[in-house]
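Student: Turn this into a model:
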Amino acid sequence: MWQLGPLAFAAPWLLLALPALPLLWWLLRVSPPAPKTQAFPAIRLLRDLPPTEETPHRTPWWLLLLRILAAALLILGLARPVWQPQSGGGGSGPLLVVIDNGWAAAPDWPARTAAAAAALEAAGREGRRVALLPTAPPETGEPLAATAL
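Tutor: Predicted coordinates for the structure are as follows:
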């Protein structure tokens, strides 16, 4: 996690796309080449008709600015910003760790247990009381109960 004042980014490598915004600006300003003109005699009848709609030669500056701003905000959003991340547990009283131990937690179970273990170790170093509460009911049918550690 990369921290910049009170703002941190969980995926800071995505911020490397921000310097590519001038290239995006240049690509958005490029207009397609003019079409090749071909003489066709029947077109003479249509030359005197007034044009119903005109296409600008370039993209308006405000639309270009809006597109660049949207791309920058998309890049910043994908970098997963976090406002005022706390390195500690954020308290001094007893710690209750609630862990989802149901079947839906299986795909990322090692990450969950590692995070719970880190929280328990940090609380142990600070001398705080800790209780662990699983969310899945026991197979015996007993009600949920926290385990004091």
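Student: any idea which helix or strand carries L28?
Tutor: helix 21-29 (DSSP states H and E).
Student: other SSEs contacting that helix?
Tutor: helix 61-78 (3 or more C-beta pairs under 8 Å, 6 or more residues apart in numbering; DSSP states H and E). Heads up, the C-betas are built off the backbone N, CA and C, glycines and all.
Student: starting at the chain centroid, how far to the helix it packs on?
Tutor: Between the centre of helix 61-78 and the centre of its chain there are 15 Å (C-alpha atoms, centre = their mean, to the nearest Å).
Student: Next, the buried residues of that helix.
Tutor: Buried positions in helix 61-78, judged by neighbour count with 16 or more other C-beta atoms under 10 Å: A71, I75, L76.
Student: wait, isn't the first one in contact with L24?
Tutor: Yes. Proximity of A71 to L24 meets the contact threshold set by C-beta atoms under 8 Å, at 5.8 Å.
Student: Now the common contact residues for the two.
Tutor: The contact sets of A71 and L24 do not overlap (C-beta atoms under 8 Å, 6 or more residues apart in numbering).
Student: and for stretch 123-140, what are the contacting residues?
Tutor: By C-beta under 8 Å, 6+ apart, stretch 123-140 touches 89, 91-102, 116, 120, 143-149.
Student: what does stretch 7-23 give?
Tutor: Residues outside stretch 7-23 that contact it (C-beta under 8 Å, 6+ apart): 1-3, 68, 71-72, 75-76, 78-85.
Student: quick one on the thing from earlier: which members of the contacts of stretch 123-140 occur in strands, if any?
Tutor: Using DSSP state E, L95, L96, V97, V98, I99, T147, A148 are the members of the contacts of stretch 123-140 that sit in strands.
Student: which other helices and strands contact the worst-scoring helix or strand of the chain on mean pLDDT?
Tutor: None of the helices or strands of the chain scores lower by mean pLDDT, DSSP states H and E than strand 2-4, at a mean of 75. Contact here means 3+ C-beta pairs under 8 Å, 6+ apart; on that basis strand 2-4 packs against strand 7-9.
Student: ok, the strand it packs on: who's next to it in the sheet?
Tutor: Taking DSSP bridges as the criterion, strand 7-9 pairs within the sheet with strand 2-4 (antiparallel), strand 81-83 (antiparallel).
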